[in-house]
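1. this one's sequence-less:
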């Protein structure tokens with residue numbers, strides 16, 4: 001009985017043809033659009049945004065016949081008129097509140113305000129975090145000390161208390177609340193960007209750019225920042241997801257968005273006493289909060305996988321071949337001097353060896 005051995009060899013022919021020759025940006029797009037959860041979440045989030053804006057309008061009258069301020073007589077005790085079989089919206093698909101306001105219009109307006117605050121927090125905190133983190137990670141020294149100590153001071157500020165005080169005493173509370181949360185939620189982003197810059201500034205391409213005479217500004221914006229875009233993008237989505245929950249918490253406590261405007265958290269807060277008698281007043285704003293948060297998180301997960309270089313697949317071919325005796329090979333080679341050794345020793349596959357293809361990423365998993 002002959003013994004066998006296993007050998008692993010990289011087979012370049014097994015690399016998929018559709019990824020050969022693609023640039024880094026093309027690979028990122030391909031990985032993202034190949035992430036089913038992220039694409040479905042992107043479609044659902046786009047549908048929610050379109051529905052919220054087009055139904056009650058922003059500065060214009062939408063296609064829905066009611067607005068979030070109008071009061072109408074209660075129909076059927078304010079119960080939802082939405083029906084799935086047969087499909088029908090009715091006059092008030094999400095029902096009515098205690099005074100007769102259409103709850104669909106109120107929920108859509110609440111989704112608008114919550115999304116507005118979320119976008120503001122993502123933009124402001126992302127911009128401030130990238131600036132502080134990149135400057136401290138690139139220049140080091142006293143610049144890093146000053147910026148990081150300032151970051152430590154901002155971290156200890158109680159965001160809920162500060163947001164409650166400022167929003168409670170402001171008439172333009174939606175924009176003030178979004179700006180306030182954005183100016184206090186950037187600390188985590190700054191620390192992550194700083195850590196990424198500390199690593200990237202020591203890479204060979206940065207040294208090559210310095211030797212070529214590139215300025216610090218060019219090195220930061222043209223060489224280092226594009227390589228840190230993955231960390232920035234993913235953490236911006238996480239900030240946006242946490243921002244909508246923070247705005248919901250403030251509005252639920254009655255210290256966020258103030259009347260006559262509303263938000264998803266405020267809708268839950270205003271109707272908490274009716275949980276037993278009219279539970280649909282909780283279902284709809286709570287459902288939209290969950291949908292928006294899940295969609296943002298899944299999109300962030302897809303972006304993380306897309307920007308992760310370890311997602312690139314390497315293919316190994318495992319070859320099972322019979323064991324052989326080197327002394328026997330040398331004897332055969334001396335007996336047949338006219339033939340090279342490579343032709344005497346048959347290939348493992350030709351000798352009946354079996355092949356098995358396995359896949360793992362560059363991290364070795």
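-> Here it is on my side, so go on. Values in this document were obtained by computation on a predicted structure and should not be read as measured data.
2. report the residue spans of the stretch 1-150 of the chain with pLDDT below the cut-off.
-> Within the stretch 1-150 of the chain, the stretches with pLDDT under 70 are 1-22.
3. tell me where it has helices.
-> Secondary structure of the stretch 1-150 of the chain (DSSP state H, counting those that start in this stretch): helices located at 24-33, 36-56, 103-139, 141-155.
4. can you pull out the strands in the chain?
-> With DSSP state E as the criterion, the chain has strands at 4-10, 313-322, 354-361.
5. who are the contact partners of residue 292?
-> Residue 292 makes contact with 45, 48, 111, 114-115, 118, 244, according to C-beta atoms under 8 Å, 6 or more residues apart in numbering. Every residue, glycine included, has its C-beta placed from N, CA and C.
6. now render the helices of the stretch 1-150 of the chain as JSON lines, adding mean neighbour count and distance to residue 203.
-> Listed next are the helices of the stretch 1-150 of the chain as JSON lines, based on neighbours: other C-beta atoms under 10 Å; distance: least, C-beta to C-beta, whole Å:
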{"stretch": "helix 24-33", "mean neighbour count": "14", "distance to residue 203": "15"}
{"stretch": "helix 36-56", "mean neighbour count": "16", "distance to residue 203": "29"}
{"stretch": "helix 103-139", "mean neighbour count": "23", "distance to residue 203": "12"}
{"stretch": "helix 141-155", "mean neighbour count": "13", "distance to residue 203": "18"}
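7. what about the residue most central in space within the chain, distance to residue 240?
-> Closest to where the C-alpha atoms of the chain average out (C-alpha atoms, centre = their mean) is residue 300, at 0.9 Å. For residue 300, the distance to residue 240 equals 8 Å [C-beta to C-beta, to the nearest Å].
8. before we move on, what about residue 220?
-> Distance from residue 220 to residue 240, by C-beta to C-beta: 25 Å.
9. equivalent analysis for residue 155, please.
-> Relative to residue 240, residue 155 is positioned 19 Å away (C-beta to C-beta).
10. just residue 151 next, same as before
-> Taking C-beta to C-beta, one finds residue 151 at 20 Å from residue 240.
11. likewise for residue 38?
-> 14 Å.
12. the closest residue to residue 181 other than its chain neighbours: what's it in contact with?
-> In space, and not counting its chain neighbours, residue 181 is closest to residue 121: 4.8 Å by C-beta to C-beta, 6 or more residues apart in numbering. Going by C-beta under 8 Å, 6+ apart, residue 121 touches 178, 181-182, 185, 239-240, 243.
13. how about residues contacting stretch 293-312?
-> 19, 27-29, 31-32, 35, 37-42, 44-45, 48, 118, 229-231, 233-234, 237-238, 240-241, 244-245, 361-363, 365.
14. residue 220 and residue 240: which is more packed in?
-> Between residue 220 and residue 240, counted using other C-beta atoms under 10 Å, the more crowded position is residue 240 (26 against 21).
15. would you agree the more buried one is in contact with residue 122?
-> Yes - Residue 240 lies in contact with residue 122 (C-beta atoms under 8 Å); the separation is 4.0 Å.
16. how about the helices of the stretch 201-350 of the chain, start to end?
-> 204-211, 216-218, 225-227, 229-252, 264-270, 280-307, 326-335, 341-344.
17. avg pLDDT for the last one?
-> Model confidence over helix 341-344 averages 46 on the pLDDT scale.
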